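Colleague: mind looking at a prediction? Sequence and model below.
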Amino acid sequence: MTTSFGAVADAAGAPAPAGRYRWVICGLLFASTTICYMDRQIFGLLKPTLDLELGWSETVYGDVIATFSLMYACGYLFGGRLMDRIGVRRGLSLAVAGWSISAALHGLMTTPFGFKFARGALGLTEGGNFPASIKAVREWFPVRERAFATGVFNAGSNIGAIVTPISLPFVVALVGWRAAFLIAGALGLVWVALWLRFYDSPERQRRLSAGELAYIKAGDAGAPQPARVPWLACFAYRGTWAYALGMLLTSPVWWFYLNWVPGYLHQRFGVDMMASIAPLVTIYLVADIGSVVGGWLSSRLIGGGMPALRARMIAMLCMAMCPVPVALVSGMSDMWPAVALIALAAAGHQGLSANLYTIVSDTLPAGAVSSVIGIGGFAAGVAGMFVAMAVGRILDATGGNYMVLFVGAAAAYPLAVLVMALILRRPSSLTPRPPTDRDRS
């Protein structure tokens, strides 16, 4: 199966959908992503408190974040393979239960080593969320709706980042920061019960109408897919390389926003936890809009007759321009112009991500989707580990100067789109071959 800008099938001409149960599934994925980012965002919001109460330096904080990134990389890699082996229903429920327990453990820790342990466990288990979610979208949505559905569930990352700064100051004021971690962990366990009740594969879901099932499967008609693709065989697809390098270049920037923007606002503008509610909500609300718009844009282009992969690349190019002005942030003396540029950059990241994830669904067989999502997440997590360690040391060495960090964040996205375009336009040197017995071993 070769891949080029014009070679990916879409669902044009598919029968009209008879039912909307697939959007219930999308809603559950949205909820799991929201909880995932709530559990992750709490740590960044508590940075000034932890620095003060536990006496942490930027380097210590960065090393804790690096531990999360490394284990998140491993969770992505092995979690993606796990989803392809045991399925999304069991796999995602195990992942969410695991990260909920890990989130609660943060409330019991007192030392950097303890937080590294809890943070590492959180990363290892949260790594399963996106491989599972992308695989579920691949199973439950036709080609023309996948980027939009991905943008919708991916918007949960921004809703989590909005809800957390709004609620956390009040929770901390009432019960303390340690109890906040326990409450966050409990939410995930509630979600697991709902997931097990309402999720199954489309072919086995009795709540799904025959008409809607036909609509979901129409885009894959005439394209039989193997049930499982050997791990090494995944590297024969150009989509694997494009996705992995796109993730490697962009995901560490998003984690920089999540983990350091609250500290940046505190250091640069004297914003405390309560005062940070408005700017952080603004940033992630705009990012939420970007996530949906990025997915909508490529879906609209596909609906107009454009080949799917070309539509994804055009949408990603548009969204990659949004983070460029963030290079100017460190020189701004007023908070709200800086917040506006960070919000625009966050929107660009999320809109690009909605299409980046969908490239995997467009260019690989169903049996390889979660594995490839895991491969790309592993690359991003390893890069994120080194970036986190570097950020802490840069800030300690420069007395908290963020200029080089925001300049790097601005450049990452156009570079990522350029690299992906070069890979996906290349002739069929990476055409997949039939798997051998050695691959299956």
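Modeller: Looks like it came in fine.

Colleague: pLDDT weak spots in the protein?
Modeller: Residue ranges of the chain with pLDDT under 70: 1-18, 219-228, 426-441.

Colleague: setting the sequence-adjacent residues aside, check what's closest to the residue minimising distance to the centre of it.
Modeller: Nearest to the mean C-alpha position of the chain, by C-alpha atoms, centre = their mean, lies residue 130 at 6.1 Å. Closest residue to residue 130 apart from its sequence neighbours, by C-beta to C-beta, 6 or more residues apart in numbering: residue 373 at 5.9 Å. For every residue, glycine as well, the C-beta is placed using N, CA and C.

Colleague: roughly how far apart are residue 322 and residue 159?
Modeller: For residue 322, the distance to residue 159 equals 19 Å [C-beta to C-beta, to the nearest Å].

Colleague: give the buried residues for whichever strand or helix holds residue 409.
Modeller: Element membership for residue 409 (DSSP states H and E) is helix 403-425. By neighbour count on 16 or more other C-beta atoms under 10 Å, the buried set for helix 403-425 is 405-406, 408-413, 416-417, 419-420, 423-424.

Colleague: please apply the same query to stretch 277-289.
Modeller: Neighbour count says stretch 277-289 has 277, 279, 280, 281, 282, 283, 284, 285, 286, 287, 288, 289 buried, by 16+ other C-beta under 10 Å.

Colleague: do stretch 285-302 as well
Modeller: 285-302.

Colleague: just the ones of the residues you listed in helices?
Modeller: 285-302 (DSSP state H).

Colleague: ok, so of the buried residues of stretch 277-289, who is nearest residue 339?
Modeller: Among the buried residues of stretch 277-289, residue 279 lies closest to residue 339 (C-beta to C-beta), at 4.5 Å.

Colleague: so residue 97 touches residue 191, yeah?
Modeller: No: between residue 97 and residue 191 there is no contact under C-beta atoms under 8 Å: 9.2 Å.

Colleague: give me phi/psi at residue 334?
Modeller: phi -110, psi 140 (degrees, to the nearest 10).

Colleague: from residue 134, how far out is it?
Modeller: Residue 334 is 39 Å from residue 134, by C-beta to C-beta.

Colleague: between these two, which is the more surrounded one?
Modeller: residue 134 (29 against 9; other C-beta atoms under 10 Å).

Colleague: list the buried ones in stretch 182-193?
Modeller: 182, 183, 184, 185, 187, 188, 191, 192.

Colleague: list the contacts of that stretch.
Modeller: The contact list for stretch 182-193 (C-beta atoms under 8 Å, 6 or more residues apart in numbering) reads 28, 31-32, 35, 38-39, 42, 93, 96-97, 99-105, 107, 171, 175.

Colleague: can we see that at 10 Å?
Modeller: Stretch 182-193 is touched from outside by 28, 31-32, 34-36, 38-42, 92-108, 122, 125, 160, 164, 167-168, 171, 175-176, with contacts defined as C-beta atoms under 10 Å, 6 or more residues apart in numbering.

Colleague: among those, which ones are in helices?
Modeller: 28, 31-32, 34-36, 38-42, 92-105, 122, 125, 160, 164, 167-168, 171, 175.

Colleague: drop anything exposed from these.
Modeller: 28, 31-32, 34-36, 38-42, 92-105, 122, 125, 160, 164, 167-168, 171.

Colleague: list the contacts of residue 181.
Modeller: 39, 42-43, 46, 102-109, 118, 122, 171.

Colleague: where's it, which helix or strand?
Modeller: Per DSSP H and E: helix 177-198 holds residue 181.

Colleague: which element follows that helix toward the C-terminus?
Modeller: Next in line after helix 177-198, if elements are assigned by DSSP H and E, sits helix 210-218.

Colleague: export that next one as PDB, just CAs?
Modeller: C-alpha atoms of helix 210-218 as PDB (Å, rounded to 0.1, in the frame of the first residue of the first chain):
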ATOM      1  CA  ALA A 210     -27.300  -1.400  11.000                       C
ATOM      2  CA  GLY A 211     -27.500   1.800   9.000                       C
ATOM      3  CA  GLU A 212     -24.900   3.600  11.200                       C
ATOM      4  CA  LEU A 213     -22.600   0.600  11.000                       C
ATOM      5  CA  ALA A 214     -22.800   0.700   7.200                       C
ATOM      6  CA  TYR A 215     -22.000   4.400   7.200                       C
ATOM      7  CA  ILE A 216     -19.000   3.800   9.500                       C
ATOM      8  CA  LYS A 217     -17.600   1.000   7.300                       C
ATOM      9  CA  ALA A 218     -18.400   2.600   3.900                       C
END
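
Colleague: and it, what's buried?
Modeller: 212, 213, 215, 216, 217, 218.

Colleague: closest one of those residues to residue 367?
Modeller: Of all the buried residues of helix 210-218, residue 367 sits closest to residue 217, with 15.5 Å by C-beta to C-beta.

Colleague: so the closest one touches residue 211, yeah?
Modeller: No: between residue 217 and residue 211 there is no contact under C-beta atoms under 10 Å: 11.1 Å.

Colleague: dump the residue contacts of residue 42.
Modeller: Taking C-beta under 10 Å, 6+ apart, one finds 103, 106-107, 160, 164-165, 167-168, 171-172, 177, 180-181, 183-184 in contact with residue 42.

Colleague: I meant to write residue 170 there.
Modeller: 180, 274, 277.

Colleague: please repeat the previous calculation with a cut-off of 8 Å.
Modeller: Contacts of residue 170 by C-beta under 8 Å, 6+ apart: none found.

Colleague: could you do residue 290 as well?
Modeller: 319, 322, 346, 347, 348, 349, 350, 351.

Colleague: what do you get if the cut-off is 10 Å, keeping everything else the same?
Modeller: Taking C-beta under 10 Å, 6+ apart as the test, what residue 290 contacts is 151, 154-155, 158, 319, 322, 343-354.

Colleague: do residue 387 as well
Modeller: Residues in contact with residue 387 (C-beta under 10 Å, 6+ apart) are 62, 65, 66, 69, 251, 252, 253, 255, 256, 380, 405, 408.
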